[in-house]
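J.: compute the structure for the input listed below.
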Amino acid sequence: MYNGETTIDQLKKYGNFGIGTFNALDGEMVVVGGNIYQVKHDGLVITAGSRF
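T.: Next up, the predicted model:
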């Protein structure tokens, strides 16, 4: 449930800011200035690379 096939590189083609989520609802996605961050349930923020 809530799994997808979009890569970070594909996502960046559509803009450089926004919000969303990761596969299996594994945290919130925040895109600012083309940088993509994953905010985990405990508040930890991770810089998302193309491996996500």
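J.: show me the shaky parts of the protein.
T.: 1-2, 50-52 (pLDDT under 70).
J.: neighbours of the nearest residue to N23 once chain neighbours are set aside, just the number please.
T.: Excluding the flanking residues, the one nearest N23 by CB to CB, 6 or more residues apart in numbering is N3, at 5.1 Å. (Glycine included, C-beta is placed from N, CA and C.) Each residue near N3 was counted by other CB atoms under 10 Å, and the total is 8.
J.: now the one 4 residues further on
T.: Neighbouring residues of T7 were enumerated by other CB under 10 Å; the total is 11.
J.: next: N16.
T.: Quick note: N16 (other CB under 10 Å) scores 11 neighbours.
J.: going forward, count from 22.
T.: Sure, I'll start numbering at 22, so the last one becomes N37.
J.: what's the spacing between the nearest residue to it once chain neighbours are set aside and A45?
T.: Leaving aside its sequence neighbours, N37 sits nearest to G55 (CB to CB, 6+ apart; 4.0 Å). For G55, the distance to A45 equals 24 Å [CB to CB, to the nearest Å].
J.: the residue nearest to N37 and T68, how far apart?
T.: Relative to T68, and taking CB to CB, G55 is found at 12 Å.
J.: OK, contacts around the spatially closest residue to Y58 that is not a sequence neighbour?
T.: Leaving aside its chain neighbours, Y58 sits nearest to V51 (4.7 Å; criterion: CB to CB, 6+ apart). Contact analysis of V51 by CB atoms under 8 Å, 6 or more residues apart in numbering lists I40, I57, Y58, V60.
J.: this completes my enquiry, with thanks.
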